[in-house]
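A.B. asks: what would the 3D arrangement of this be:
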Amino acid sequence: MTTIRALWRLLRCMGHLLGGLWTLRWHFDHLDEATRHALIQAWALRLLSVLGVGHKMVGIWPSEPHLMVINHVSWLDIMAIHAVRPQARFVSKAEVHRWPMMGRLAAGAGTLFIERESRRDALRVVHHMTEALRAGDTVAVFPEGTTSTGHDVLPFHANLLQAAIAAQVPLQPVVLRFSDAQHAVSPAVAYVGDTSLLRSLWWVVSAQGLQVQVEVLPLMACAGLDRRQLAALVAEQIGAKLRA
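C.D. replies: Numbering: from 1, shown residues only. As a prediction, the model looks like this:
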């Protein structure tokens, strides 16, 4: 029964992805911003539901522009955030842009792609992030630069946090926790090591009682701090929540 349920979830997931691509191709560019955000949120919530992932949010989003800083566990992270904060524009590694279907959908949602190994490209992305933040956009980053098991955080890279300093906006720490029926920290979503995207997808659709919690922590002011100090402080704040 577990295998049949997993296969059914995969089939529905493919249909949902294709439906998202159809909407993006024929309708998305003609919609106003509020309608786009509503569609992104509804699409993300539906995808989580199709995959068998429950969703819970703790905290309140600020109304002022901010740079969202999030611990990175899975390819599900962006959907988990878009389900409650559809206006967030993510900074993601360029590899995601090349993923079948998901890359096109991520680009349509306003994702900024970065070649993480290139210092020049990092400077380009920080410039675009700063412009977006000054324009009032919400920008979201995963400063670990890669995914972890979800028990704690990896060291935070400071480069992208420079955009918040330049734009004079605060950081918004966000904690993602994935649990399931047997585990407080679910191993089913740990997208680490040599795990392929297809294997990770199979683990997700095979899991029972999978749930993601999005916890919004207090805003962190950037005034008087450099990017390395900010990275250390926000990493400790998010890590302490995960370890609690």
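
A.B. asks: tally up the residues packed near the closest residue to residue 190 other than its chain neighbours, please.
C.D. replies: Closest residue in space to residue 190, ignoring its immediate chain neighbours: residue 149 at 4.7 Å, by C-beta to C-beta, 6 or more residues apart in numbering. Every residue, glycine included, has its C-beta placed from N, CA and C. Neighbourhood size, residue 149 [other C-beta atoms under 10 Å]: 16.

A.B. asks: low-confidence ranges, the protein, go.
C.D. replies: 94, 99-104, 106, 116-119 (pLDDT under 70).

A.B. asks: what packs against the longest strand along it?
C.D. replies: If you go by DSSP state E, the chain has its longest strand at strand 171-179. Contacting strand 171-179 under the criterion 3 or more C-beta pairs under 8 Å, 6 or more residues apart in numbering; DSSP states H and E are the following elements: strand 67-70, helix 77-82, strand 211-216, helix 227-243.

A.B. asks: ok, 6 Å please
C.D. replies: Applying 3 or more C-beta pairs under 6 Å, 6 or more residues apart in numbering; DSSP states H and E, one finds that strand 171-179 contacts strand 67-70, strand 211-216, helix 227-243.

A.B. asks: do a quick rundown of the strands in this protein.
C.D. replies: Ranges of strands in the chain, per DSSP E, are 54-58, 67-70, 89-93, 112-114, 139-141, 171-179, 211-216.

A.B. asks: can I get those in a markdown table with distance to residue 186 and mean neighbour count?
C.D. replies: As requested, those are exported to a markdown table (distance: least, C-beta to C-beta, whole Å; neighbours: other C-beta atoms under 10 Å):
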| stretch | distance to residue 186 | mean neighbour count |
| --- | --- | --- |
| strand 54-58 | 11 | 14 |
| strand 67-70 | 17 | 26 |
| strand 89-93 | 22 | 20 |
| strand 112-114 | 28 | 21 |
| strand 139-141 | 22 | 27 |
| strand 171-179 | 5 | 23 |
| strand 211-216 | 8 | 18 |
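
A.B. asks: turn those strands into JSON lines, including distance to residue 133.
C.D. replies: Output for the strands of the chain, formatted as JSON lines (distance: least, C-beta to C-beta, whole Å):
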{"stretch": "strand 54-58", "distance to residue 133": "23"}
{"stretch": "strand 67-70", "distance to residue 133": "6"}
{"stretch": "strand 89-93", "distance to residue 133": "10"}
{"stretch": "strand 112-114", "distance to residue 133": "12"}
{"stretch": "strand 139-141", "distance to residue 133": "6"}
{"stretch": "strand 171-179", "distance to residue 133": "11"}
{"stretch": "strand 211-216", "distance to residue 133": "18"}
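
A.B. asks: out of those strands, flag the one nearest residue 26.
C.D. replies: strand 89-93 (22.5 Å; C-beta to C-beta).

A.B. asks: paired strands for that closest one, with orientation please.
C.D. replies: strand 112-114 (parallel), strand 139-141 (parallel) (DSSP bridges).

A.B. asks: pipe those strands into a markdown table and attach distance to residue 180 per row.
C.D. replies: Shown next, in a markdown table, are those (distance: least, C-beta to C-beta, whole Å):
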| stretch | distance to residue 180 |
| --- | --- |
| strand 112-114 | 31 |
| strand 139-141 | 25 |
